[in-house]
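S.K.: my questions concern the predicted model and sequence given below.
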Amino acid sequence: MEHSFEMNDVSSMVSEISPIVAYLKYIVRTGNKSKLTTNASTIIFIEEPEAHLHAQAQQVFVRKAYEALYPSSRFKGDSPYKTQLVLSTHSNHIVHDVSLNDMRYFHREVSEDINIPISKIVNLTNVFGEDEETERFVTRYIRLSQYDFFFADAVILVEGSGERILMPKFLENEKMTTNYISIIEINGSHAHRFRNLVEKLDIPCLVITDIDAYSNGIGSVSTMKGKEQISKNSTLKEWLPGKVNIDDLLDLPSDKKNHNNVRVAYQTGINVKLKEGVEAIAYPYTFEDALALSNVDLFQKENLKGLALVTNFKKIIETSKTIEDCCKNMYETLTSNKKAPFAVNLLYLEQFKELKTPAYIQEGLVWLKSKLNAKH
């Protein structure tokens, strides 16, 4: 016999959980009378509880629901009262305390047979296989940062805080503000750790990372062609495009930087004109110098008084005698602990609306935009 406990007009956590408690009491009461067998089971479906809860309550909802389902030892271990809770949700707060192994992801795709949108259920159990270290890292990272990874139209993984701060501006430049795109900062070249999850979900994903040029015997160096440099970036080596030689990475065609629903974007050569007679291909090392070299005109005409980091780049642009010197000086000036302040300083620019997207990021966003358009 089926029994339904509706949760209409719910206004608080207590009233959300109380139907579960009431139902369990009912099962125990009627079960004793009907002599339930030891394999008796119950399934409780709750549809989108976030519709009735504030964000703070959503985050503890699952925990409280489990406490209601298993209030004592009578419902645990070998108890005949086996209860399974099934939640449907669009809330990243609701899934905050839920293990990946317990999640089922509904992936929207267009059926090739009937040419209409359908949902494909993706089981995330054991998504990382035997790699427990990666599972711990990814699970903890997205739990500590944000779970909207699962509810977005697309995902952008960025390496640093500078990219994260300015990415909404770049999306605006490409007229991509109508899509729900999750921007996740992964603090270093750890994007490859997300590979299994991204490929399992099959969600459009753009990975924006640094080329990280390295020279044996020297260490990290300013990016240059023809110097037998390699990349120390694990994402470029172990995921996409699966190459390590800097010359190979710089010469790689755009269509070789993506596979299925994933694309990588890293710094490549850009034509830069500092002043009359000083023009050549520049090879940025980081997001910050790529951004400055893509906005030479803006840096030269903007009043940058009081913005120390941006002023330093302006001075380098105006005084460098060659493009190579400019790139080298920018590389030496910009240390890792200055990256976030650099991006924040740009928000003060009077002509911020004119800020151009670095070419390698723009190419990636154009690809992502095509993927999103294909979904509709």
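M.R.: Ah, there it is. Residues are numbered from 1 along each chain as shown.

S.K.: which SS class is the residue at minimal distance from the centre of the chain?
M.R.: Closest residue to the average C-alpha location of the chain: Ile184 at 3.4 Å, with CA atoms, centre = their mean. For Ile184, the reduced secondary structure class is strand; criterion used: DSSP: H, G, I helix; E, B strand; the rest coil.

S.K.: which non-adjacent residue is nearest it?
M.R.: The shortest distance from Ile184 to any residue other than its chain neighbours is 5.5 Å, reached at Leu157 (CB to CB, 6 or more residues apart in numbering). Backbone N, C-alpha and C define where each C-beta goes, glycine included.

S.K.: the one you found - that's part of a strand, no?
M.R.: Yes: if the criterion is three-state DSSP, then Leu157 is within a strand.

S.K.: tell me what it is bridged to.
M.R.: Partner residues in beta bridges with Leu157, using DSSP bridges, are Ile184, Val207.

S.K.: count of residues packed around it?
M.R.: As a burial measure, Leu157 scores 25 neighbours (other CB atoms under 10 Å).

S.K.: was I right to think it contacts Cys205?
M.R.: Yes: under the criterion of CB atoms under 8 Å, Leu157 makes contact with Cys205 at 6.7 Å.

S.K.: ok so, going back, from Ile114, how far out is the residue nearest to Ile184?
M.R.: Note on Leu157: its distance to Ile114, by CB to CB, to the nearest Å, is 33 Å.

S.K.: again with Ala57
M.R.: With CB to CB as the criterion, Ala57 and Ile114 are 40 Å apart.

S.K.: now swap in Thr178 and tell me
M.R.: Taken as CB to CB, the spacing of Thr178 relative to Ile114 amounts to 27 Å.

S.K.: and for Ser99?
M.R.: Using CB to CB, Ser99 is found at 35 Å from Ile114.

S.K.: please say which of those two ends up with more neighbours.
M.R.: Just comparing Ser99 and Ile114: by other CB under 10 Å the higher neighbour count belongs to Ser99, 12 against 8.

S.K.: before we move on, which element is the nearest residue to the more buried one once chain neighbours are set aside in?
M.R.: The spatial neighbour of Ser99 that comes closest, neighbours along the chain excluded (CB to CB, 6+ apart), is Thr139 at 7.5 Å. The secondary structure element spanning Thr139 is helix 132-144 (assigned by DSSP states H and E).

S.K.: how far is stretch 246-262 from where the chain is centred?
M.R.: Mean C-alpha position of stretch 246-262 versus that of the full chain (CA atoms, centre = their mean, to the nearest Å) differs by 20 Å.

S.K.: name the residues of that stretch that are buried.
M.R.: For stretch 246-262, the neighbour count (16 or more other CB atoms under 10 Å) marks Ile246, Leu249, Leu250, Leu252, Lys257, Asn258, Asn261, Val262 as buried.

S.K.: distance between the ends of that stretch?
M.R.: Distance between the boundary residues of stretch 246-262 (CA to CA, to the nearest Å) amounts to 21 Å.

S.K.: show residues contacting that stretch.
M.R.: Taking CB atoms under 8 Å, 6 or more residues apart in numbering as the criterion, the residues outside stretch 246-262 that touch it are 198-199, 202-207, 211, 213, 223-227, 229-231, 236, 239-241, 243, 263-266, 268-269, 283, 363, 367, 371.

S.K.: restrict those residues to the buried ones and give me that as a ChimeraX selection.
M.R.: This is how ChimeraX selects the buried members of those, with burial counted by 16+ other CB under 10 Å:
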select :198,199,202,203,204,205,206,207,211,213,223,224,229,230,231,236,239,240,241,243,263,264,265,266,268,269,283,363,367,371
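
S.K.: just the ones of the contacts of stretch 246-262 in strands?
M.R.: Cross-referencing these with the strands (criterion: DSSP state E) gives Cys205, Leu206, Val207, Ala213, Ile230, Ser231, Arg263, Val264, Ala265 as the overlap.
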